[in-house]
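Chemist: Provided below are the primary sequence and the corresponding predicted coordinates.
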Amino acid sequence: MKINRRSFIIKSVLAFLGLFLFDIFWFEKYVIQWTTYDLSESDSKIKIIQLSDLHINELKTFHKSIASKINEELPDLICITGDAVNNNKGLPVLDQFLDLISKEIPKFVIMGNKEYAGKVNIDSFRTLIKKHNGQLMINESLKFTTANRHLNIIGIDDLIGGNPDFINATSAYDRSEEAIVLNHCPEYSDEIAFLNETQKVNIKLILSGHTHGGQITFLGKAFYKPGGSGRFLRGWYRLNDTRMYVSKGIGTKYIPIRMGSRAEATVFYV
């Protein structure tokens with residue numbers, strides 16, 4: 001059976017459009033890209049999984065897949081770098097999601113701009129995180145200990161809705177040990193790097209999110225970046241002697257699509 005040129009072009013365009021819509025509405029949103037980076041300089045490695053920008057308001061199949069993958073990876077700790085929920089209605093759903101993850105894994109969580117914008121009850125949020133062997137950190141540091149290693153986790157308040165204070169967050173920090181800094185809006189990381197010239201915190205890594213990697217990009221350029229992103233978009237950056245990773249995050253906000261910015265979860269060995 002012959003297909004004329006016009007029919008062939010129409011079918012090709014429709015096929016391309018179908019693949020494009022499948023990609024932006026489903027594949028890049030729900031098929032999570034898992035990336036792994038080994039920054040360790042010791043035989044006693046600490047394994048961290050970073051989740052960012054969940055924006056969870058409904059428990060979906062891909063959330064269950066994420067939880068299953070985490071239990072399979074069995075990290076030493078999980079860092080959730082802001083915007084886990086958009087409002088108080090999201091808290092019970094986050095509770096369901098965390099129920100799927102082993103309670104044996106410690107979790108360190110910071111506030112994002114959406115928690116503040118949605119007027120999330122901080123006491124309820126803190127109680128929920130504590131229930132799942134976690135800590136909600138607002139300008140504070142905590143020591144994480146394994147059998148052979150110590151690591152300080154420094155949680156910074158959100159730049160947009162909160163009051164980030166790196167100096168206060170590190171006031172009780174033991175500067176002889178390495179630290180991981182959790183900072184939702186990457187723009188504040190420039191301030192962290194500046195302040196650390198005098199604070200001398202031994203920062204191994206800054207983990208940020210917020211940008212969604214641009215969420216909708218073309219040829220690596222973002223159509224829009226939210227306030228608080230600064231000069232950062234996604235991936236690795238070096239601030240003086242400090243490395244920072246900006247996650248593309250898991251969820252979406254406002255526009256329920258991703259283009260050229262696939263959702264990700266990241267494993268770090270430090």
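Modeler: That came through, no problem.
Chemist: And the helices in the protein?
Modeler: Here the chain has its helices, by DSSP state H, at 5-22, 28-30, 61-73, 91-99, 113-117, 122-131, 166-169, 187-199.
Chemist: which helices and strands sit right next to the second one?
Modeler: In other words, helix 28-30. helix 61-73 (3 or more C-beta pairs under 8 Å, 6 or more residues apart in numbering; DSSP states H and E). Every residue, glycine included, has its C-beta placed from N, CA and C.
Chemist: can you state the direction angle for the helix it packs on and helix 91-99?
Modeler: 40 degrees (axes from the mean of the first three to the mean of the last three C-alpha atoms, to 10 degrees).
Chemist: one step back: with mean pLDDT and mean neighbour count added, can I get the helices of the chain in JSON lines?
Modeler: Compiled in JSON lines, the helices of the chain are given as follows (pLDDT from 0 to 100; neighbours: other C-beta atoms under 10 Å):
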{"stretch": "helix 5-22", "mean pLDDT": "47", "mean neighbour count": "10"}
{"stretch": "helix 28-30", "mean pLDDT": "74", "mean neighbour count": "20"}
{"stretch": "helix 61-73", "mean pLDDT": "97", "mean neighbour count": "15"}
{"stretch": "helix 91-99", "mean pLDDT": "98", "mean neighbour count": "18"}
{"stretch": "helix 113-117", "mean pLDDT": "98", "mean neighbour count": "21"}
{"stretch": "helix 122-131", "mean pLDDT": "98", "mean neighbour count": "15"}
{"stretch": "helix 166-169", "mean pLDDT": "96", "mean neighbour count": "19"}
{"stretch": "helix 187-199", "mean pLDDT": "95", "mean neighbour count": "18"}
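Chemist: do you know which of those lies nearest residue 158?
Modeler: helix 113-117 (5.2 Å; C-beta to C-beta).
Chemist: Render the CA-only coordinates of the closest one in PDB, please.
Modeler: Provided in PDB are the C-alpha atoms of helix 113-117 (Å, rounded to 0.1, in the frame of the first residue of the first chain):
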ATOM      1  CA  ASN A 113      10.200  28.700  50.100                       C
ATOM      2  CA  LYS A 114       7.000  26.700  49.400                       C
ATOM      3  CA  GLU A 115       6.700  25.500  53.000                       C
ATOM      4  CA  TYR A 116       6.800  29.200  54.000                       C
ATOM      5  CA  ALA A 117       4.500  30.400  51.200                       C
END
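Chemist: hmm, back to that, any chance of the helices of the chain in a markdown table with distance to residue 155 as columns?
Modeler: Converted to a markdown table, the helices of the chain look like this (distance: least, C-beta to C-beta, whole Å):
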| stretch | distance to residue 155 |
| --- | --- |
| helix 5-22 | 38 |
| helix 28-30 | 28 |
| helix 61-73 | 20 |
| helix 91-99 | 17 |
| helix 113-117 | 13 |
| helix 122-131 | 11 |
| helix 166-169 | 7 |
| helix 187-199 | 12 |
